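Asks: next comes the sequence, and after it the predicted model I'd like to discuss.
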Amino acid sequence: MSRRRRTLHTFLNLNDENADDVKMMHRMHTSFDRKHFQRLLIEWIVDESLPFRITDSSRFHALCSYLNPEVEAQQAIITRTTIRTRIVSEFNRHQAHVIDVLQRAPGQIHFAFDGWRSKNRKNVYGLACFFRDEQTNQPRKIILGMPEVAGCHAGDTIGSSIVKLINAYKIGNKTGYFTLDNASNMDTAMEFIGNVFGFDGRRRRGRCFGHILNLAAKALLNPLPNEGDAIDQYLDDNEQLTSAQYELWRRQGPVGKLRILVIAVDQSDRLNDMFLTCQKTEYAASANPGDRKRKPLQLVKDNQTRWLGTYYMIKRALRLRQYMELTRIKFQQAWEQDNRKTTG
């Protein structure tokens, strides 16, 4: 799309033959801080997790130029390569300050780390450290990083990534205790870390109390303790479940049956449309203006990694119980009608 380049003349409707207008144009030109604009641009990209290539967009250039022609006149928009270079430079500058604070911290520095897989299937481990501030003598915590752990979740692989991050902050000699979950690979990871820094990893490991509570709650919800792993392994699976898997969840009791219904609505366009339509119909017929503005809600599907996932699934289902029941009735009626047409 062709466009005319905007200038201060056209932007402010100024006359370059008028002395006052010329002075105003000069003030506008000199008041634009190119470095400050670029810093704001980088902070915006980082805060909003935007792709670096956004500055390559001609639409973005047109928008900035429309808001202030000096952006284009002074070539203030930087490339994706420059953005990356400056972000790395800023990180290194701040990391140096963090290293200084941690090295001056009195006593040992303690750690906690746990794994997580992103939507693009990257396995990362977040490492947090806890220490006493030298100046205020108050406890503080800092996230040191989230290194990607390639391959399997073996304890040695995890431990190696954590050791590299601790060494990057030069605090290996101040290593204290670690709070971790109850996974078996954490034993191997702590053994690896202990061998590197010269201590018994088993004696420096604390168990995450929140993880223990989560395991206890899952055990209470599952009346089939010997089949808990077989049940959990399907929670993150988007494929259609087999009859054997459905039967396993039915035997789990009310929670398992609710999970079957939630997944059925989630995977079926027809069921999901019925479910949302039931809500919309009732809201539209309400005499309360507030109800008529309400938006339909989806059911919440639990998963294996979200600790309160089952709680939120039950809570949302109780809130939408009447619409779930109405959807079941409508779907049964539709199925019976279709079946009569087929057999008739």
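Replies: Okay, I see it.
Asks: please name the nearest non-neighbouring residue to residue 164.
Replies: Closest residue to residue 164 apart from its sequence neighbours, by C-beta to C-beta, 6 or more residues apart in numbering: residue 147 at 7.0 Å. (Each C-beta comes from the backbone N, C-alpha and C, glycine too.)
Asks: ok, and the closest non-adjacent residue to residue 191?
Replies: Closest residue to residue 191 apart from its sequence neighbours, by C-beta to C-beta, 6+ apart: residue 201 at 4.6 Å.
Asks: just residue 274 next, same as before
Replies: Among residues not flanking residue 274 along the chain, residue 327 sits closest, at 4.9 Å (C-beta to C-beta, 6+ apart).
Asks: in this structure the one you found contacts residue 264, no?
Replies: No: Residue 327 is beyond contact range of residue 264, at 9.9 Å (criterion: C-beta atoms under 8 Å).
Asks: name the residues contacting each of the two.
Replies: Common contacts of residue 327 and residue 264 (C-beta atoms under 8 Å, 6 or more residues apart in numbering): residue 271.
Asks: of the two, who's got more company?
Replies: The neighbour comparison of residue 327 against residue 264 (other C-beta atoms under 10 Å) goes to residue 327, with 23 against 18.
Asks: which stretch of helix or strand covers the more buried one?
Replies: Using DSSP states H and E, residue 327 falls within helix 321-343.
Asks: list the helices and strands that helix packs on?
Replies: In terms of contacts (3 or more C-beta pairs under 8 Å, 6 or more residues apart in numbering; DSSP states H and E), helix 321-343 is packed against helix 254-267, helix 269-285.
Asks: how's the protein carved up into domains?
Replies: Using automatic domain parsing, the domain ranges for the chain come out as 8-78, 107-207, 223-338.
Asks: if you compare those domains, which one is most tucked away?
Replies: Mean neighbour count, computed with mean count of other C-beta atoms under 10 Å, is highest for domain 107-207 among these, reaching a mean of 16.
Asks: off-centre distance for it?
Replies: Computed by C-alpha atoms, centre = their mean, to the nearest Å, the chain-centroid distance of domain 107-207 equals 20 Å.
Asks: tell me the mean pLDDT for it?
Replies: Confidence for domain 107-207, expressed as mean pLDDT, is 89.
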